[in-house]
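Student: what's the 3D shape of this:
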Amino acid sequence: MKLISWNVNGLRAVASKNAFAWVDEIKPDFLGLQEIKVKEADVPNEIYKLGFNEISLNSGLRAGYSGVMSLAKFQTTTHKGRFFDDSEGRVLEHHFGDVVLFNIYFPNGQKDDERLSYKMAFYKAFLAYCDEILKSGKEIIICGDVNTAHTEIDLKNPKANAKTSGFLPIERAWIDELLSHGFIDTFRHFYPQKTDAYSWWSYRFNARAKNVGWRIDYFFISNGLKNRLKNAFIMPEILGSDHCPVGIEIELG
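Tutor: Predicted coordinates:
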């Protein structure tokens, strides 16, 4: 199966740019979208023509903010965020076979200390929930915009951003903790030392053209899925958002 995740930073804007044209060629089995910023009634018609059998939406309460959407070619049992107050529409949780697949738009902590605290509380609650799922015998796939670059090779200017949310020690330490609880960063599994591989670029200063970016979009899998993982990739050639899609190929039932 080919699974792809993309923070679209506005579903209607991306659809209006014909920025999903690649879907017909790549043919993902699952497409997790974050920061869709729409209610169900406002989903563009183009989305329903992409060839997916199941479409799930969690738009949250605030209009024009956050929200996640999952499109799948297989059937799942789907839940909205069950481990945290999900009024912001950040989580879709899909159960199928022995797998729980999360499509998540993790909070951004750059606004102020309150939002950073919210982000860290979200991180903590999510990891505790994952621990419970693993103990039940299920395997886990996590995809989405994590809003944190893990190591210095995951962003162009680590020293300049050492005190910026998204690269703070406490945020990076959470990814360390996630990995220590039995998860694999799929991209680093295949490309442990690869540099200049980013998934987000500021709209300012011509950052994307210069490839001054951050890798903040991930697929993590639990260790029990390691032998089923076949590939991981980033798709910087796909335009339409300040993020690009990331993905994996994995054998699932």
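Student: partners of the helix or strand containing residue 142, with directions?
Tutor: Using DSSP states H and E, residue 142 sits in strand 139-145. Note on strand 139-145: by DSSP bridges, its sheet partners are strand 99-105 (parallel), strand 217-222 (antiparallel).
Student: Put the alpha carbons of the helix or strand following that strand into CSV.
Tutor: Using DSSP H and E, the helix or strand that directly follows strand 139-145 along the chain is helix 169-180. Taking Å, rounded to 0.1, in the frame of the first residue of the first chain, the C-alpha atoms of helix 169-180 are listed here in CSV:
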residue,chain,number,x,y,z
PRO,A,169,14.7,21.1,23.1
ILE,A,170,11.5,20.1,24.8
GLU,A,171,9.8,19.5,21.5
ARG,A,172,12.7,17.6,20.0
ALA,A,173,12.9,15.5,23.2
TRP,A,174,9.3,14.4,22.7
ILE,A,175,10.2,12.9,19.3
ASP,A,176,13.1,11.1,21.1
GLU,A,177,10.6,9.8,23.6
LEU,A,178,8.3,8.6,20.8
LEU,A,179,11.1,6.7,19.2
SER,A,180,12.1,5.2,22.5
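Student: buried set for helix 169-180?
Tutor: 171-172, 174-175, 178 (16 or more other C-beta atoms under 10 Å). Where you see a C-beta, it was placed from the backbone N, CA and C, and this is true even at glycine.
Student: Quick check: bridge partners of the residue lying closest to residue 4 once chain neighbours are set aside?
Tutor: The shortest distance from residue 4 to any residue other than its chain neighbours is 3.9 Å, reached at residue 247 (C-beta to C-beta, 6 or more residues apart in numbering). Under DSSP bridges, the beta-bridge partners of residue 247 are residue 4, residue 233.
Student: which residues touch residue 247?
Tutor: The contact partners of residue 247, by C-beta atoms under 8 Å, 6 or more residues apart in numbering, come to 2-5, 28, 219, 232-233, 235.
Student: let's see it at 7 Å
Tutor: Residue 247 makes contact with 2-5, 28, 233, 235, according to C-beta atoms under 7 Å, 6 or more residues apart in numbering.
Student: List buried residues within these.
Tutor: The buried subset of the contacts of residue 247 - by 16+ other C-beta under 10 Å - is 2-5, 28, 233.
Student: Check what contacts stretch 207-216 and list those residues.
Tutor: Counting by C-beta under 7 Å, 6+ apart, 145-149, 154-157, 166, 196-201 sit against stretch 207-216.
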